[in-house]
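# Mind folding the following:
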Amino acid sequence: MSKQQKVDFVSGSGVNLKQFSFKEKDATDKVSFLLVARLIKEKGIALYMDAARILKAKYPKTEFHLIGIPETSPSAISIDEINELHEKGIIVFHGPQNNIPDHLKERDIFVLPSYYREGLPRTTLEACASGNPIITTDFVGCRESVKEGINGFLIEPQNLDALVKPMEFFITNPEKIKEMGINSRKYAEERFDVDIINNDLITLIKRELKM
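Model (predicted):
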């Protein structure tokens, strides 16, 4: 690519706002978190489980949900460890699921402490559309789904204390879940609506064809 070539960007592949419909969150003393990802270290699964261990001991009513397919790669998280935490009541492990929109509606905050070099994760877009505040890393791709302090928080990758802090913030300030959840939906409508993304792509393609 030459320095003279123009580059355009679109906000990922977008999200279907009808499929992932908005549900306003109610403030309760039973805050629930959700992580949906491949069960590998790079997705921050181990960090999430460590945070659950710390916070469950301090706030026993809090729930830490995990959805994902067991992996066999070298960086896979031990399914035995996951099952052990599930049996102890520290996390709620659902295994693979095909009804993610329902899970997002039922949970309060979406967490993705990933340090995997990827594009804009679909899971964070889906969580935004569903009205979940987001906690994710200030890292390539992930950071695009969060307006800091508006619809969630960005954390340093692979930093347990940095993850625990915003999770505890929501536990101790449950009224912020509703506020930031509404902001997440607005952000999805403004930036990640699949219809807007598709229209932008069509416009770019037509422009390129005319050049």
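
# Low-confidence regions, this protein specifically.
1-13, 195-211 (pLDDT under 70).

# State the distance from the residue minimising distance to the centre of it to Thr72.
The structure's the chain has its C-alpha centroid closest to Thr124; by C-alpha atoms, centre = their mean the separation is 3.7 Å. Distance of Thr124 to Thr72, given as C-beta to C-beta, to the nearest Å: 26 Å. (Each C-beta comes from the backbone N, C-alpha and C, glycine too.)

# same check, this time on Lys23
For Lys23, the distance to Thr72 - C-beta to C-beta - is 35 Å.

# before we move on, what about His103?
Separation of His103 from Thr72 (C-beta to C-beta) stands at 24 Å.

# neighbour-wise, which of the two wins?
Neighbours per residue (other C-beta atoms under 10 Å) separate His103 from Thr72, with His103 holding more: 18 against 6.

# Okay, buried residues for the helix or strand hosting Phe169 please.
Assessed by DSSP states H and E, Phe169 sits inside helix 160-172. Using 16 or more other C-beta atoms under 10 Å as the test for burial, helix 160-172 gives 160, 162-164, 166-168, 170-171.

# Quick one: name whatever helix or strand follows it.
helix 175-187.

# Give me the contact list for that following helix.
Under the contact criterion C-beta atoms under 8 Å, 6 or more residues apart in numbering, helix 175-187 has outside partners 22, 24-27, 31, 108-109, 127-134, 145, 147, 150-152, 169-170.

# 10 Å - rerun?
With C-beta atoms under 10 Å, 6 or more residues apart in numbering as the test, helix 175-187 has contacts from 17, 20-28, 31-32, 108-110, 124-125, 127-134, 145-147, 149-153, 169-171, 173.

# In strands, which of those fall?
32, 109-110, 134, 152-153 (DSSP state E).

# sorry, back to before: now list the buried members of the contacts of helix 175-187.
Among the contacts of helix 175-187, the ones that count as buried by 16+ other C-beta under 10 Å are 17, 20, 22-23, 25, 31-32, 108-110, 124-125, 127-134, 145-147, 151-153, 170-171.

# thinking again about what came up before, could you figure out how far the helix holding Phe169 is turned away from helix 175-187?
100 degrees (axes from the mean of the first three to the mean of the last three C-alpha atoms, to 10 degrees).

# Which neighbouring elements make contact with helix 160-172?
In terms of contacts (3 or more C-beta pairs under 10 Å, 6 or more residues apart in numbering; DSSP states H and E), helix 160-172 is packed against strand 32-36, helix 45-58, strand 109-112, strand 134-137, strand 152-155, helix 175-187.

# Just put the ones you listed in CSV and tack on distance to Ala76.
CSV is the format used below for these (distance: least, C-beta to C-beta, whole Å):
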stretch, distance to Ala76
strand 32-36, 15
helix 45-58, 9
strand 109-112, 18
strand 134-137, 20
strand 152-155, 23
helix 175-187, 30
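
# Many thanks, I have nothing further to ask.
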